[in-house]
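Trainee: quick one: sequence plus predicted model below, questions after.
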Amino acid sequence: MTLDVLSNNIDFSPLHDRMQWYVDQEILPFCSTLVMRGLDVLDYKCFGYVDVDRKHRLRSDAIYRMFSNSKIVTSVAAMILYDEGRLGLDDPLSDYIPDFSQPQVLIKGATRIDQTEPLQTDITIRHLLSHSAGFSYGFIEPESLIDQAYLSDGLNMLRKYPGTLKTLMTHLSKFPLVYQPGSDWRYSIATDVVSRVIEIVSGQSLDVFFSERIFQPLNMKDTGFFIPSSEKDRLAALYIPEDMMNPMIPGFQLYKNQEDSQTHQAPICLSGGGGLYSTVADYVNFMRLFINNGTWNNAKILRPGTVDLMRRNHLADGIRMNFPMWDMKDSVFGLGFALKYSSALHEDKNLQEYHWGGMAGTHSWMSPQGVSGLCMTQLMPGFWHPFSHDFKEISYKITT
């Protein structure tokens, strides 16, 4: 699917020059950037080599590993069921997965995994969608007590989980929560829990529900949990930086597990938290769903009020997002993405924008001012890479 770019007289050369600089300095192997105003694409540009060694230029129809951008898709799927009255935000998780009826909770300052207290508040669907349920991920804070427990027991979502979503829930329910539900924020496996709830409520596997209710209606033809073998040449190569702790140090190398045996077939675990592949053109249509208040391509996916609900803060008073490697001061969380409610990093124009990204450097953002952006690379870790901040800052500057 091709992208139509609206003819305009905006000078995007400052943005293009900066993105090309990242490639020329060998900080990024490649990237693509897209800027929109309203529903119209104002600029779309590809930079660098998708395969650096063989000097293969980045294709405009390249397929990317979306990692945590998948979470917004899963959140939309959950809210479709909410719109239909089949799923409530304040429904206890245990109504759908009884294994989570009485989890233990780590006490504050715990030094052992068995230092716990009883659950005081039910885990709800709202907690899951806003990452305030008390789960963790196993790799965000690898020195923490809970992440060490996850990893030592084989619960690592950075690798393809060997069981089904149902099996994953049984596995996850063995561990205590990090805090009482609703009392804090921690990025986590919660969206995969939502994925299993969607399967239970809908009676369909997650991939079928996504395809029938989101991808087909929005004409997202190249989005899914695997890439057909016929399209394998479109998959962008995945790289890792030479210095994992300093993303601005030049140099990168191919990720050693480049060819995963499950890339071209449906995975056993359909991870709504990080398992999707997509393209720029497909993801732009997904963004348009939000920009157009729940409708795109003559398909009404969500009610306008539901889209607005997703864009509201759902954390308790005083709770803010907290990433150990990324300063997200004054950011809160809605139902599937972060919300910026005050200025940070001198980005005065992006107040109340809603945004999220993926582990390998796939970022999208939308703002009340009508300007939206999407930037893509495949450098892991790239979730908090400076190139995405530069892209956003320059885009705001030249379009508003």
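Mentor: All right, it came through fine.

Trainee: what sits against V193?
Mentor: For V193, the contact set (Cβ atoms under 8 Å, 6 or more residues apart in numbering) comprises 93, 97, 100, 128, 133, 135, 169, 172. Backbone N, C-alpha and C define where each C-beta goes, glycine included.

Trainee: excluding its backbone neighbours, what's nearest the first one?
Mentor: Read that as L93. Nearest residue to L93, sequence neighbours excluded (Cβ to Cβ, 6 or more residues apart in numbering): I123, at 4.3 Å.

Trainee: count of residues packed around the one you found?
Mentor: 26 (other Cβ atoms under 10 Å).

Trainee: I figured it hits S130, correct?
Mentor: No: the criterion here is Cβ atoms under 8 Å, and I123 misses it with S130 at 11.5 Å.

Trainee: just the helices in the stretch 301-400 of the chain please.
Mentor: Assigned by DSSP state H, counting those that start in this stretch, the stretch 301-400 of the chain shows helices spanning 304-310, 386-399.

Trainee: please state the offset of the longest one from the chain centre?
Mentor: Right, the one you point to is helix 386-399. Its chain's average C-alpha position is 19 Å from that of helix 386-399, according to Cα atoms, centre = their mean, to the nearest Å.

Trainee: give me the nearest residue to S364, chain neighbours excluded.
Mentor: L374 (4.7 Å).

Trainee: what's the separation between L155 and G138?
Mentor: Separation of L155 from G138 (Cβ to Cβ, to the nearest Å) stands at 5 Å.

Trainee: common neighbours of these two, please.
Mentor: Common neighbours of L155 and G138, using Cβ under 8 Å, 6+ apart, are I189.

Trainee: who has more neighbours, those two?
Mentor: Between L155 and G138, counted using other Cβ under 10 Å, G138 has the larger neighbour count: 25 against 19.

Trainee: pretty sure that one is touching S152, no?
Mentor: No: contact criterion Cβ under 8 Å: G138 and S152 do not qualify, at 9.6 Å.

Trainee: so A133 belongs to a strand, correct?
Mentor: No: with DSSP: H, G, I helix; E, B strand; the rest coil as the criterion, A133 is coil rather than part of a strand.

Trainee: next one, pLDDT for it please.
Mentor: Looking at A133, its pLDDT stands at 99.

Trainee: before we move on, back to that, in TSV, list the contacts of V193 along with neighbour count and secondary structure.
Mentor: Below are those laid out as TSV (neighbours: other Cβ atoms under 10 Å; DSSP: H, G, I helix; E, B strand; the rest coil):
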residue	neighbour count	secondary structure
L93	25	helix
I97	19	coil
F100	21	helix
L128	27	helix
A133	30	coil
F135	28	coil
M169	21	helix
L172	23	helix
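
Trainee: now do the closest residue to L106 other than its chain neighbours against V193, distance only.
Mentor: Sequence neighbours aside, P176 is the residue nearest to L106 in space, at 5.0 Å (criterion: Cβ to Cβ, 6+ apart). According to Cβ to Cβ, P176 and V193 sit 15 Å apart.

Trainee: with K329 instead?
Mentor: 28 Å.

Trainee: repeat that for D308.
Mentor: Taken as Cβ to Cβ, the span from D308 to V193 is 24 Å.
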